[in-house]
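Participant: how would this look folded up:
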Amino acid sequence: NVDLNEFQTNLVPFPRLHFMITSMAPVVTKKKMETQRCDIQGITETCFAAQNFFTKIADFDAEEDKYMAISVNYRGDVKAKEANATVQWLKTNKKVTFVEWCPTGFKVGLNDEPPAVLEDDDIAPSKRNIVMIGNNTAISRVFSERISKKYDLMYSQRAFVHWYVGEGMEEGE
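Facilitator: Below is the predicted model:
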């Protein structure tokens with residue numbers, strides 16, 4: 001049993017490096033499930049593909065954007081030996097790279113219960129799935145590019161500046 005505090009302890013090496021990238025696989029329709037690889041290695045590789053991240057990172061590069069720590073949680077028909085072999089395969093084939101100063105790597109979780117199947121769901125049922133929570137350096141671009149640009153745009157239009165001036169701040173600060 002793991003709670004969110006234990007995830008944070010294992011995935012965050014320093015207090016300021018606490019923004020995670022999450023992903024899940026397989027997330028496909030019933031029609032695509034016919035051609036989807038559903039073995040352990042296939043769903044794991046799909047999970048680590050940038051287009052499956054729950055955060056959009058346009059120019060993600062598996063070798064340049066390094067992980068500090070990763071937790072992969074398998075659900076369903078997955079054996080520990082298969083999961084560990086797949087993690088080693090990811091490392092050796094450069095599907096993931098770690099920062100030099102924090103090479104701790106993966107935490108693997110296994111749950112024997114198969115993924116839940118909901119009625120009238122667009123996602124195809126599967127015997128197994130994987131959820132990845134990773135602390136990756138690429139998340140900094142989300143802040144530096146998107147949020148900073150939006151802040152600059154709002155500031156250029158002087159949005160909300162009157163609140164700061166009303167509290168005693170000068171407009172140029």
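Participant: tell me the pLDDT at Cys38?
Facilitator: Here, the pLDDT recorded for Cys38 equals 86.
Participant: meant to ask about Pro13, not that
Facilitator: For Pro13, the model assigns a pLDDT of 72.
Participant: quick check: it touching Thr137?
Facilitator: No: with contact defined as CB atoms under 8 Å, Pro13 does not reach Thr137; the gap is 11.8 Å. Heads up, the C-betas are built off the backbone N, CA and C, glycines and all.
Participant: all the strands of this structure, in order from the start?
Facilitator: Secondary structure of the chain (DSSP state E): strands located at 21-25, 67-76, 105-111, 128-136.
Participant: ok, which of the ones you listed comes nearest Ala85?
Facilitator: When the strands of the chain are compared by CB to CB, strand 105-111 sits nearest Ala85, at 10.8 Å.
Participant: orientation of that closest one relative to strand 67-76 in degrees?
Facilitator: Angle of strand 105-111 versus strand 67-76, following axes from the mean of the first three to the mean of the last three CA atoms, to 10 degrees, is 10 degrees.
Participant: paired strands for strand 105-111, with orientation please.
Facilitator: The strands beside strand 105-111 in its sheet (DSSP bridges) come out as strand 67-76 (parallel).
Participant: about what we covered before: the strands of the chain: lowest mean pLDDT?
Facilitator: In terms of average pLDDT, strand 105-111 trails the rest of the strands of the chain, at a mean of 88.
Participant: that one versus strand 128-136: what angle between them?
Facilitator: Angle of strand 105-111 versus strand 128-136, following the same axes, to 10 degrees, is 150 degrees.
Participant: may I see the buried residues of strand 105-111?
Facilitator: Phe106, Lys107, Val108, Gly109 (16 or more other CB atoms under 10 Å).
Participant: list the contacts for the first one?
Facilitator: Remark: with contacts taken as CB atoms under 8 Å, 6 or more residues apart in numbering, Phe106 is in contact with Ala69, Ile70, Ser71, Val72, Val87.
Participant: and Leu118, what is it in contact with?
Facilitator: Contact analysis of Leu118 by CB under 8 Å, 6+ apart lists nothing.
Participant: switch to 10 Å and redo it
Facilitator: Leu118 is in contact with Pro125, counting by CB atoms under 10 Å, 6 or more residues apart in numbering.
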